[in-house]
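Novice: heads up, no residue letters with this:
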Ligand code: ATP
């Protein structure tokens, strides 16, 4: 096992900066997830750790060793790809054993390691099968098995579950979590799926445009997003972001938007507000409908989704889309006007110019 440390890592393709001076420290044995929208630079970052992509500037360290000039095969890493990359003409045993044979590992040791990995992954009875005879989930297990038998210092995963159907993805996700719990191997995992990131990562790095916007424990990115982008990316359905004018008087912040006036006690947290702000309210932090009260958001219902455990309401609040996650044991009419109450303790405020978190 080893820690992975990136210092001011940059990757340029011609003039295009795909990764821009990233700093990232993955602790020994930790499970770090790189998450962000398509094209944000997460795969490029992972490939630089693996040595599959040359670093334009900056330093990659695995353990104590700077590996910028070390070829992938000598970095003591094992990578699992989205497309599994199994050898079609080899059976499962040989797919898993291949890397060890190349390294001239003694046959007895190869047998033991493949057997142990196959047991761990529940594919012992498939050792003689060819990849084409396996389901997507089984193929992915073989790809993971091939990484495990190498007993590397670091596992690198590039969207390993995105070719699987939704149910299998959930199952494999929990299997990967259990596997990491058993093996405790330092892992860097790339996904665009924020649920995967939240459930697997001990820490997640939320990326956009080649930059890490926040690197923290999953719950922290949800509770205390550092900016509007992280706030909108983490959480499903996404946080509602509403434009408002803000003023502050005697410790009270007044927020006026198209469908609401909210008076929020600053409680000493800040002593000034910019004039233009974005109010962030998570769907699960809206309650109602209510008939009267203060600090309500008025909106016209566009659609409803009763899901049994929750009722999602899509509405128009002064021209802006709002999603609310309400108590399912009530009926909300389409086209009706309703008033919902935001939880003021979890309400977020962002500077509309810089997108940084104010509250
Ligand atoms: P996705 O989830 O779609 O895989 P990503 O976050 O992993 O996205 P990268 O694959 O790291 O994104 O790509 C980051 C940016 O760098 C993209 O804009 C991509 O087009 C660009 N890029 C990646 N590889 C190359 C390359 N070999 N040549 C030129 N541009 C590239």
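Specialist: Okay, I see it. Owing to the predicted nature of the structure, the values given are computational and were not obtained by experimental measurement. Numbering: from 1, shown residues only.
Novice: When you work out contacts or count neighbours from here on, use the C-alpha atoms and nothing else.
Specialist: Will do.
Novice: By mean pLDDT, flag the weakest helix or strand of the chain.
Specialist: Taking mean pLDDT, DSSP states H and E as the measure, the helix or strand of the chain with the lowest value is helix 166-183, at a mean of 86.
Novice: What residues sit buried inside that one?
Specialist: Neighbour-count burial for helix 166-183 flags 169, 172, 173, 179, 180 (criterion: 16 or more other C-alpha atoms under 10 Å).
Novice: Just list the residues touching the closest residue to the first one other than its chain neighbours, thanks.
Specialist: Which is residue 169. Setting aside the residues directly before and after it, residue 169 is nearest to residue 161 in space (C-alpha to C-alpha, 6 or more residues apart in numbering), at 5.8 Å. Residue 161 makes contacts with 82, 140, 169, 172, 173, as judged by C-alpha atoms under 8 Å, 6 or more residues apart in numbering.
Novice: I'd like those written out as TSV, with distance to the ligand added.
Specialist: As requested, those are exported to TSV (distance: C-alpha to the nearest ligand atom, whole Å):
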residue	distance to the ligand
82	10
140	18
169	17
172	19
173	18
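Novice: now those as CSV including distance to residue 257?
Specialist: As requested, the contacts of residue 161 are exported to CSV (distance: C-alpha to C-alpha, whole Å):
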residue, distance to residue 257
82, 44
140, 49
169, 40
172, 44
173, 41
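Novice: List, one by one, the residues from this protein near the ligand.
Specialist: 13, 18, 38, 39, 40, 41, 42, 43, 44, 192 (C-alpha under 6 Å from any ligand atom).
Novice: of these, buried ones?
Specialist: Looks like the residues of the chain next to the ligand have 18, 40, 41, 42, 43, 44, 192 buried, using 16+ other C-alpha under 10 Å.
Novice: Please flag which of those sit within helices.
Specialist: Secondary structure assignment by DSSP state H places 42, 43, 44 of those in helices.
Novice: can you give me the helices in the stretch 1-150 of the chain?
Specialist: Shown for the stretch 1-150 of the chain, the helices assigned by DSSP state H, counting those that start in this stretch span residues 42-50, 92-102, 107-121, 136-149.
Novice: Now these in a markdown table, please, with extra columns for mean pLDDT.
Specialist: Below are the helices of the stretch 1-150 of the chain laid out as a markdown table (pLDDT from 0 to 100):
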| stretch | mean pLDDT |
| --- | --- |
| helix 42-50 | 97 |
| helix 92-102 | 93 |
| helix 107-121 | 90 |
| helix 136-149 | 88 |
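Novice: Distance to residue 30 added to these, as CSV?
Specialist: CSV is the format used below for the helices of the stretch 1-150 of the chain (distance: least, C-alpha to C-alpha, whole Å):
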stretch, distance to residue 30
helix 42-50, 15
helix 92-102, 24
helix 107-121, 20
helix 136-149, 16
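Novice: Can you say which of those helices is nearest to residue 324?
Specialist: Closest to residue 324 of the helices of the stretch 1-150 of the chain, according to C-alpha to C-alpha: helix 42-50, at 31.1 Å.
Novice: Against which helices or strands is that closest one packed?
Specialist: strand 16-26, strand 154-158, strand 186-191 (3 or more C-alpha pairs under 8 Å, 6 or more residues apart in numbering; DSSP states H and E).
Novice: Would you pull up how far it lies from the middle of the chain?
Specialist: Computed by C-alpha atoms, centre = their mean, to the nearest Å, the chain-centroid distance of helix 42-50 equals 16 Å.
Novice: got a list of contacts for that helix?
Specialist: With C-alpha under 8 Å, 6+ apart, helix 42-50 has contacts from 11, 18-19, 34-36, 53-55, 60, 72, 75, 77, 79, 156, 158, 188, 190, 207, 210.
Novice: now do 7 Å
Specialist: The set of residues external to helix 42-50 that reach it, using C-alpha atoms under 7 Å, 6 or more residues apart in numbering, is 19, 34, 35, 53, 54, 55, 60, 72, 77, 158, 190.
Novice: For the third one, name its beta-bridge partners.
Specialist: Yep, that's residue 35 we're talking about. Listed by DSSP bridges, the beta-bridge partners for residue 35 are residue 191, residue 206.
Novice: measure the closest residue to the ligand within the stretch 251-359 of the chain to residue 164 for me?
Specialist: In the stretch 251-359 of the chain, the residue that lies nearest the ligand is residue 355 (21.1 Å; C-alpha to the nearest ligand atom). Applying C-alpha to C-alpha, to the nearest Å, the value for residue 355 to residue 164 is 35 Å.
Novice: can you check residue 246 too?
Specialist: In terms of C-alpha to C-alpha, residue 246 sits 46 Å off from residue 164.
Novice: Of those two, which one has the most company?
Specialist: residue 246 (22 against 16; other C-alpha atoms under 10 Å).
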